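Asker: A predicted structure for the sequence below; I have some questions about it.
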Amino acid sequence: MITVCTFGCWTTCPASQYRSTVAGWDDHTLFAQRVRNYTGEPIKLEVRRTFGGDVDFISDLDAENHDYQTVQFTATVPAGETEDLEYELVQHLGRNQK
């Protein structure tokens, strides 16, 4: 299941512990995708990424769920410019998983 958020939208999942061992944890991964527009006109692009498991997709991009494990986001790149599409993926593992 993917939860689409914007920056500042954090889910709190306390790590369940059993006999003082870590039973649940979250992996935070930052991604950046650089897009260059060599044309003389602005371009609109649409990107779909599939993530398995229980993850939160956190970004300022215009993102939405395409299906239960695919995030779709769009961006516009001005003519002759370069855009960095940045997002964070928080994967819930162990007992933090849904």
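Answerer: Cool, the structure landed. Numbering: from 1, shown residues only.
Asker: Which parts of this structure are strands?
Answerer: Taking DSSP state E to define them, one finds strands in the chain at 2-5, 17-18, 21-22, 24-36, 43-50, 55-58, 62-67, 70-77, 82-94.
Asker: ranking those by burial, who's on top?
Answerer: strand 55-58 (a mean of 22; mean count of other CB atoms under 10 Å). In this view, the C-beta of every residue, glycine as well, is placed from N, C-alpha and C.
Asker: Which elements pack onto that strand?
Answerer: Applying 3 or more CB pairs under 8 Å, 6 or more residues apart in numbering; DSSP states H and E, one finds that strand 55-58 contacts strand 2-5, strand 82-94.
Asker: got a list of contacts for the last one?
Answerer: Meaning strand 82-94. The contact list for strand 82-94 (CB atoms under 8 Å, 6 or more residues apart in numbering) reads 11, 13, 15-16, 22-37, 47, 51, 53-61, 63, 73, 75, 77, 98.
Asker: Next, the angle from that strand to strand 43-50.
Answerer: Per axes from the mean of the first three to the mean of the last three CA atoms, to 10 degrees, the angle that strand 82-94 makes with strand 43-50 is 20 degrees.
Asker: Return stretch 50-60 as PDB; C-alpha atoms alone will do.
Answerer: Taking C-alpha atoms only, stretch 50-60 is exported to PDB below (Å, rounded to 0.1, in the frame of the first residue of the first chain):
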ATOM      1  CA  THR A  50       6.200   1.000  -8.800                       C
ATOM      2  CA  PHE A  51       7.200   0.400  -5.200                       C
ATOM      3  CA  GLY A  52       6.400  -2.900  -3.400                       C
ATOM      4  CA  GLY A  53       5.500  -3.200   0.200                       C
ATOM      5  CA  ASP A  54       4.200  -0.600   2.700                       C
ATOM      6  CA  VAL A  55       5.700   2.700   1.600                       C
ATOM      7  CA  ASP A  56       5.000   6.400   2.000                       C
ATOM      8  CA  PHE A  57       5.800   8.600  -1.100                       C
ATOM      9  CA  ILE A  58       6.700  12.100   0.200                       C
ATOM     10  CA  SER A  59       7.200  14.900  -2.300                       C
ATOM     11  CA  ASP A  60       6.200  18.400  -3.500                       C
END
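Asker: for that stretch, what is the average pLDDT?
Answerer: Across stretch 50-60, pLDDT averages out at 90.
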